[in-house]
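Asks: build me a model from this:
(chains A and B)
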Amino acid sequence: AQSVAQPEDQVNVAEGNPLTVKCTYSVSGNPYLFWYVQYPNRGLQFLLKYITGDNLVKGSYGFEAEFNKSQTSFHLKKPSALVSDSALYFCAVRANTNAGKSTFGDGTTLTVKP
Amino acid sequence: DGGITQSPKYLFRKEGQNVTLSCEQNLNHDAMYWYRQDPGQGLRLIYYSQIVNDFQKGDIAEGYSVSREKKESFPLTVTSAQKNPTAFYLCASSISGAAMNTEAFFGQGTRLTVV
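Replies: Numbering: from 1, shown residues only, chains lettered A, B, ... in the order given. This is a model prediction of the structure:
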C-alpha cells in the first residue's frame, strides 16, 4: 500500500526566512509526487510535481521541492517566506501499483509571521 | 473560464435525508474524483471515475453513491446510511486517470452539516 507522511502538523516561520514543509512517502514502483496548497474554506490548488528527471522541481509562487529517492522524501521549500504563504499544504503520491489513485498526507499548516 | 464548479457551497441535512452534491467541470477531463476532508485527517477518496459510465469505490464509499452519465458531471449522493456525514467535500478532475503524471484540479468544496 502507498502512504504519505507529513510529520509536522504545524510549521511557523518569520517573514523573509526560508521555509521547509516535510513529506516522506512509501510506494511500490516509481512515485509521482505532488504538492497542493489549500486556503481556508477553499479547494486545493496545485503547486508542483515530480515526475522524472531533475530532483529539484520548481513550481508556482516561488516554491520548489527536492526529490530524494534514498530518503523517500519530497520536501517543499521556499527561500523567503511571505505572510500570504500561510495556508494548509498537502503532499500527495500516485503510483501505477495503486490504479493511479492519489494518496494525500494529513496536511501541514504553515504560518508565516510578519 | 475553465474549471470545476461545486454546488451548493453550504448544505444542511436532516437526519435520515439523502442529499446530492453537484460537481461540474468544463475542462474536458476524463477522470473525476470525490474526496472527504475532516480536520487533521487529510483527504480520503470516496469514489472515482476514469471515464463516462464507469466509476469505482474509493477508501470510504459506504453510505455514498455516484453516477457518471456525462463527462462533465459527477454528482455525489450522501445517503441516510452515512452515519457521520458532516464534513467538507471536494470534487476534483484530471486529464486522465491512467496518466500518473497529471495533477488534479479541485472545486471550491461543499460543506455539509447534519442538523
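Asks: so what's the residue count around whichever residue of chain A sits closest to chain B?
Replies: With Cβ to the nearest Cβ as the measure, residue A:43 is the residue of chain A nearest to chain B, at 3.4 Å. Where C-beta positions appear, they are placed from N, C-alpha and C, glycine not excepted. When neighbours are counted by other Cβ atoms under 10 Å in any protein chain shown, residue A:43 registers 22.
Asks: kindly report the same for residue B:54.
Replies: By the criterion of other Cβ under 10 Å, residue B:54 has 10 neighbours.
Asks: give the contact list for it.
Replies: For residue B:54, the contact set (Cβ atoms under 8 Å, 6 or more residues apart in numbering or on different chains) comprises residue B:68.
Asks: what does it show for phi and psi?
Replies: The phi and psi torsions at residue B:54 (degrees, to the nearest 10) take the values phi -140, psi 140.
Asks: beta partners of it?
Replies: Taking DSSP bridges as the rule, residue B:54 bridges to residue B:51.
Asks: picking up where we left off before, which one is the residue of chain A closest to chain B nearest to, not counting chain neighbours?
Replies: residue B:106 (3.4 Å; Cβ to Cβ, 6 or more residues apart in numbering or on different chains).
Asks: from what I can see the one you found touches residue A:45, true?
Replies: Yes: with contact defined as Cβ atoms under 8 Å, residue B:106 reaches residue A:45; the gap is 7.2 Å.
Asks: the two: which is more packed in?
Replies: Neighbour totals were compared for residue B:106 and residue A:45, and residue B:106 leads with 23 against 16 (other Cβ under 10 Å).
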